[in-house]
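Engineer: the amino acid sequence is not available; the structure is as follows:
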């Protein structure tokens, strides 16, 4: 659809105010659920609640899952338990249903689940048992499974039955009578190679190297496997290789995006996702924690400078910003390289700390030497005098080397303790390096003055 | 496959040294091309060139496109034009082929293309004509197209012919006799609903709201559409709605990842993708540009402090790191919110600058007031005196407000001029805010001293 302009929203608002229900119904009938959600995201709560009843019941669930989280939250609060169960949950994939239920309070979730029919209820309860961050929490149970000894006719009949519940069919999964996954059979092969309806699935199926994940594998592995093998659907099995569900690429795309955004937010000192239409308080709260860290870092910096007796060497003050900035910049660069390496799975599993630190040391020495020479020259030319210029240059090398090692060491160590290494980027490492940089700078200053 | 351990690589190295070709062939026969590429990425160049001849010709192209760029580059340099054409390009999808050719020098690309058979050559030349960053540059020409008036039998026969060249079939595209796209027909429907082989495609096909992009649409739009509608393949059409090709989700996943990495690199002050196994010089070069910016920023800072006559008020030096750090942090936060909003397409197309700056101003005033009160209290308690404490607090509010507005304004403006707004995050904005923060701080200091 075209862009949602302010004119469009205004016309829509008038239709709602005038209760032109038929016009509104016709307007939304043509739209894809994702487009309806995009419109809803930009309307007032009461308008959304009013329009909800006018959109096709079959579409409501798909619209709901596409809404922004806060819009969905108020909408869910306005619906009855029965409406959530029958209009939403029973019309969407089980993995999306589990996500929606996960956003309800525990008490409400129980009541909503109680309204579901037996099959949907059991599916959902099984899915909800898998902890967040595992393949099980990402998978849905909708898939087409056929057994090896079925005839093609039997399989197609069974598929026709299963397909009603399965939206998009990515693959047909072939299992044995114990439910263990043997591999995939593409619809393409089924369609193109079934020479006779009496041939069995076994005749068409060739052992292949179908990729799978275990139900309790971490979601990082899911992302890695799907990306590496360019998959659009990935089957999930239990420890006995029994087929439990499948993960689809759209969920992995969302997950990748969330991860990338989280890293980016941490690197830029935001403690939460912030959008330009969030409330004043939400925007303030997302930023304040890191600002307070910076504030206390600044106080520590004041203490360091005060301890040095700046009054005796006031010209040392001139290069405080330079030293602080360079330590911060180098530290963030080093930390970012580590975080990206870990996130992309490019850092080999058996990588050792020592060689990385050694390499980082060489890069830092080279960068430090170049920067120190530049600053020595510039500072002499600008007339800051030999003593100050040499102090700054020496301090700069030391600060760059230290910041690089620190920036590499901290995220690697956090990762080893299963803490998100991206925490080490952004204001945390900048602040730490600021203070340590000042200590190095004034330490060298004292030595040079002695 | 399991992790590639150093033991595995050592055993492989011995097999290569001893020329145990049969063992090596057997070893690689079992592996998926993506796994072979992962092994190759960690071997020496000569080892890769040796093994290349031992892997299945059919697999070579798929291995090559999965390699890391520098490994692929040396491998391509070691192959003849004919080998590249016949072993690589003719065995991979046309969009991947275009990417490989794009990595060759212009002169070499021409010679390689001359070795291709007519059909592949024409496909490739058409694809190469689309400029980087458009849907056309992302699409491949492999797809299954059927005409509306074909019978199912005719369609299946034609699909069987086309399917040989098409790896994974996502959808069957239905066109009219002029080649204009009418919509998709899922394999599922074809398989499950074709009641008689005499029924035509028209009987099965229902008009749907198939999403398309134009061949010269920007790739950001491709990403947005595929994400929004959860597509695994997106047809590309020309201005007359004629079907030209399709874009698959795996390419979009790669693109999203590249974009996220680029933003992250810019925010952390890296001018290029850096991996821990890059050479010393590559690693240095990726970092040096931003460090030099920081260096000149630091010199400008020294100039500002010197201009103020720090010798008269040396205690002002104590809070230089605090002021500089806070300006940098706030600026990066604001810029990051803008960049994420633009990247996620969440910033509405008709967003105006004024209301955003106004909101940013409110958030900054609130954050600034909180931080100023904290620092006023702390600084008085720590005995820095009334005058200095008030100067720092006032300067802090001013710096936070200025940095927030600057951090919002710059990326929005860059975006308006079609420059990547992420350039405004990271060291650039930190450095600018450092200097301006110092001017504000010492300006207020002068006023307070007067």
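Structural biologist: Sure, I can see it. Everything numeric in this text was worked out from a predicted model, so none of it was measured.
Engineer: shaky segments in the stretch 351-450 of chain A?
Structural biologist: A:351-352, A:450 (pLDDT under 70).
Engineer: what residues are up against the closest residue to residue A:378 other than its chain neighbours?
Structural biologist: In space, and not counting its chain neighbours, residue A:378 is closest to residue B:299: 5.9 Å by CB to CB, 6 or more residues apart in numbering or on different chains. Glycine gets a C-beta too; all of them are placed from N, C-alpha and C. Residue B:299 is in contact with A:322, A:375, A:378-379, A:382, counting by CB atoms under 8 Å, 6 or more residues apart in numbering or on different chains.
Engineer: turn those into CSV, including secondary structure and neighbour count.
Structural biologist: Formatted as CSV, the contacts of residue B:299 follow (DSSP: H, G, I helix; E, B strand; the rest coil; neighbours: other CB atoms under 10 Å in any protein chain shown):
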residue, secondary structure, neighbour count
A:322, helix, 29
A:375, helix, 25
A:378, helix, 17
A:379, helix, 24
A:382, coil, 14
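Engineer: among the residues you listed, which one lies nearest to residue B:401?
Structural biologist: residue A:322 (24.8 Å; CB to CB).
Engineer: let's verify the closest residue to that closest one other than its chain neighbours: helix, strand, or coil?
Structural biologist: Leaving aside its sequence neighbours, residue A:322 sits nearest to residue B:298 (CB to CB, 6+ apart; 2.5 Å). Judged by DSSP: H, G, I helix; E, B strand; the rest coil, the three-state class of residue B:298 is helix.
Engineer: just the buried residues of stretch A:209-223, please?
Structural biologist: A:210, A:212-215, A:217, A:219, A:222-223 (16 or more other CB atoms under 10 Å in any protein chain shown).
Engineer: what two of the residues you listed are the furthest from one another?
Structural biologist: A:210 and A:219, at 19.6 Å, using CB to CB across the buried residues of stretch A:209-223.
Engineer: which residues touch the residue in the stretch 301-450 of chain A that chain B sits nearest to?
Structural biologist: Scanning the stretch 301-450 of chain A for the residue nearest chain B gives residue A:322, at 2.5 Å (criterion: CB to the nearest CB). Neighbouring residues of residue A:322 by CB under 8 Å, 6+ apart: A:375, A:392, A:396, B:294-295, B:297-299, B:301-302.
Engineer: highest neighbour count among those?
Structural biologist: residue A:396 (32 neighbours; other CB atoms under 10 Å in any protein chain shown).
Engineer: my understanding was that that one contacts residue A:372; is that so?
Structural biologist: Yes. With contact defined as CB atoms under 8 Å, residue A:396 reaches residue A:372; the gap is 4.9 Å.
Engineer: what's around residue A:182, how many residues?
Structural biologist: Residues near residue A:182, counting by other CB under 10 Å: 19.
Engineer: what helices or strands is the helix or strand where it lies leaning on?
Structural biologist: For residue A:182, the element it lies in under DSSP states H and E is strand A:181-185. Packing partners of strand A:181-185 (3 or more CB pairs under 8 Å, 6 or more residues apart in numbering or on different chains; DSSP states H and E): strand A:172-175, strand A:233-237.
Engineer: make TSV from these and add mean neighbour count, mean pLDDT and distance to chain B to it.
Structural biologist: Compiled in TSV, the helices and strands packed on strand A:181-185 are given as follows (neighbours: other CB atoms under 10 Å in any protein chain shown; pLDDT from 0 to 100; distance: least, CB to the nearest CB, whole Å):
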stretch	mean neighbour count	mean pLDDT	distance to chain B
strand A:172-175	22	90	10
strand A:233-237	23	94	9
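Engineer: which residues touch the closest residue to chain B within the stretch 151-300 of chain A?
Structural biologist: Proximity of the stretch 151-300 of chain A to chain B (CB to the nearest CB) peaks at residue A:298, 2.5 Å away. Going by CB under 8 Å, 6+ apart, residue A:298 touches A:434, B:319, B:321-323, B:325-326, B:375.
Engineer: which of these count as buried?
Structural biologist: Buried among the contacts of residue A:298 by 16+ other CB under 10 Å: A:434, B:319, B:321-323, B:325-326, B:375.
Engineer: what about these, which are in helices?
Structural biologist: A:434, B:321-323, B:325-326, B:375 (DSSP state H).
Engineer: buried stuff in stretch A:23-34?
Structural biologist: So stretch A:23-34, judged by 16+ other CB under 10 Å, has buried residues A:24, A:27-28, A:31-34.
Engineer: and what of stretch A:419-427?
Structural biologist: A:420-427.
Engineer: likewise stretch A:440-448?
Structural biologist: Buried residues in stretch A:440-448 (16+ other CB under 10 Å): A:440-442, A:444-445, A:448.
Engineer: determine which two of those residues are furthest apart.
Structural biologist: Taking CB to CB, no two of the buried residues of stretch A:440-448 sit farther apart than A:440 and A:448, at 12.5 Å.
Engineer: remind me what the longest helix along chain A packs against, helices and strands.
Structural biologist: Counting residues, the longest helix found in chain A (DSSP H) is helix A:386-416. For helix A:386-416, the elements it packs on are helix A:320-343, helix A:353-381, helix A:427-449, judged by 3+ CB pairs under 8 Å, 6+ apart.
Engineer: for residue A:113, give me the pLDDT.
Structural biologist: Note on residue A:113: pLDDT of 94.
Engineer: any idea which element it lies in?
Structural biologist: helix A:106-114.
Engineer: identify the residues contacting the closest residue to residue A:82 other than its chain neighbours.
Structural biologist: Take residue A:82 and drop its neighbours on the chain: the residue closest to it by CB to CB, 6+ apart is residue A:115, 5.1 Å away. For residue A:115, the contacting residues are A:81-82, A:84-86, by CB under 8 Å, 6+ apart.
Engineer: out of those residues, which is most surrounded?
Structural biologist: For the contacts of residue A:115, neighbours tallied by other CB under 10 Å; top is residue A:84, 26 neighbours.
Engineer: surely that one touches residue A:112?
Structural biologist: Yes. With contacts counted by CB under 8 Å, residue A:84 reaches residue A:112, the gap being 4.9 Å.
Engineer: how about residue A:216: what's its closest non-neighbour residue?
Structural biologist: Nearest non-adjacent residue to residue A:216 (CB to CB, 6+ apart): residue A:134, at 5.1 Å.
Engineer: how about residue A:92?
Structural biologist: residue A:61 (3.8 Å).
Engineer: what residues does whatever helix or strand that neighbour lives in touch?
Structural biologist: Residue A:61 belongs to helix A:57-66 when assigned by DSSP H and E. Helix A:57-66 is contacted from outside by A:33-34, A:36-38, A:40, A:52, A:55, A:72, A:75-76, A:87-92, A:96, A:99-100, using CB under 8 Å, 6+ apart.
Engineer: any of the residues you listed buried? List them.
Structural biologist: A:33-34, A:36-38, A:40, A:52, A:55, A:72, A:75-76, A:87-89, A:91-92, A:96, A:99-100.
Engineer: list the buried residues for the helix or strand containing residue A:264?
Structural biologist: For residue A:264, the element it lies in under DSSP H and E is helix A:249-267. Buried positions in helix A:249-267, judged by neighbour count with 16+ other CB under 10 Å: A:249-253, A:255-257, A:259-261, A:263-267.
Engineer: ok, which of those residues also contact chain B?
Structural biologist: A:249-250, A:252-253, A:256-257, A:260-261, A:263-265, A:267 (CB under 8 Å from any CB of the partner chain).
Engineer: how about the buried residues of stretch A:209-223 in a markdown table, adding distance to residue B:286, pLDDT and secondary structure?
Structural biologist: Listed next are the buried residues of stretch A:209-223 as a markdown table, based on distance: CB to CB, whole Å; pLDDT from 0 to 100; DSSP: H, G, I helix; E, B strand; the rest coil:
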| residue | distance to residue B:286 | pLDDT | secondary structure |
| --- | --- | --- | --- |
| A:210 | 39 | 86 | coil |
| A:212 | 38 | 94 | coil |
| A:213 | 34 | 95 | strand |
| A:214 | 38 | 96 | strand |
| A:215 | 40 | 96 | coil |
| A:217 | 33 | 95 | coil |
| A:219 | 30 | 90 | helix |
| A:222 | 30 | 94 | helix |
| A:223 | 25 | 92 | helix |
